[in-house]
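*Asks:* Quick one, structure for this:
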Amino acid sequence: MPEELDELVRHPKTSRPGEPMRPHNMVCFGCGEQSPRGLHLEMFAGEGFSVVAEMPVEHWMEGGPGVIHGGILSSAFDDVMGMTPRLIGPAAVTVHLQVDFMRPIPVGETLHLRAEILGKQGRKIYTEGVAHLGDPTTPVARAHGIFVTIDARKHFAEHVERSARADEFKAGKPQV
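*Replies:* Modelled structure (predicted):
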């Protein structure tokens, strides 16, 4: 992360600490309520520039015998960390994601995720995520990500036709 960072200012229209965060997209694999096969993460604004979520580790998420698949965990981190830019306003997309798997995460447990913005420089937003199984002093995984702010309408313009909700995006109803 660069030494010289921009000042972080919480957007006046973002969720307040403890309030739910609006999904990226109603059919988003991570947080979309209408995603047929998604994680259905409910995220809440935290203090400062953080977002928190809980995720039951279900049998369909299994990778190794009795434990979560690393790709599912990576998706959860990507989505929770990807929600943090909304705390400061701009839409942003993932350009780098690194996950450190520290302990097995058993099926049947509840995974607690917390992400926060570490800093911002220009369009780059640096984030960190931590996951635990109920004891924040014993993390089971950590992640670092870099997100880049975008103009969402321009960024997704050539792909919106492929969305399950293309008509609504073209009509300008949901935001990404």
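
*Asks:* Quick one: residues contacting E3.
*Replies:* Contact criterion Cβ atoms under 8 Å, 6 or more residues apart in numbering gives no residues in contact with E3. To be clear about C-beta, it is placed using only N, CA and C from the backbone, and glycine gets the same treatment.

*Asks:* next one: G32
*Replies:* P23, H24, N25, M26, G38, H40.

*Asks:* now those residues: which count as buried?
*Replies:* Buried members of the contacts of G32, scored by 16 or more other Cβ atoms under 10 Å, are P23, H24, N25, M26, G38, H40.

*Asks:* tell me the phi and psi of the closest residue to the first one other than its chain neighbours?
*Replies:* Read it as P23. Counting by Cβ to Cβ, 6 or more residues apart in numbering, P23 lies nearest to C31, which is 4.3 Å off, once chain neighbours are set aside. Phi and psi for C31, reported as degrees, to the nearest 10, are phi -120, psi 0.

*Asks:* Three-state assignment for S15, please.
*Replies:* coil (DSSP: H, G, I helix; E, B strand; the rest coil).

*Asks:* Show me what the nearest residue to it once chain neighbours are set aside is bridged to.
*Replies:* Taking Cβ to Cβ, 6+ apart, and ignoring the residues beside it in sequence, S15 has A45 as its nearest neighbour in space, at 3.9 Å. With DSSP bridges as the criterion, the beta-bridge partners of A45 are V51.

*Asks:* Tell me how many other residues crowd A45.
*Replies:* The local packing of A45 (other Cβ atoms under 10 Å) involves 22 other residues.

*Asks:* for it, what are its contacts?
*Replies:* Residues in contact with A45 (Cβ under 8 Å, 6+ apart) are T14, S15, R16, P17, G18, E19, P20, M21, V51, L87.

*Asks:* Most neighbours among the residues you listed, which one?
*Replies:* Result: V51 is most packed of these (other Cβ under 10 Å), 27 neighbours.

*Asks:* That residue touches T127, doesn't it?
*Replies:* No: if you go by Cβ atoms under 8 Å, V51 and T127 don't touch, sitting 9.4 Å apart.

*Asks:* joint contacts of these two?
*Replies:* Common neighbours of V51 and T127, counting by Cβ under 8 Å, 6+ apart, are M81, T84, A115, E116.

*Asks:* Against V51, how distant is the residue nearest to S15?
*Replies:* Distance check for A45 against V51: by Cβ to Cβ, to the nearest Å, it reads 6 Å.

*Asks:* Quickly list what's touching both of the two.
*Replies:* When contacts are counted by Cβ under 8 Å, 6+ apart, the set common to A45 and V51 consists of M21, L87.
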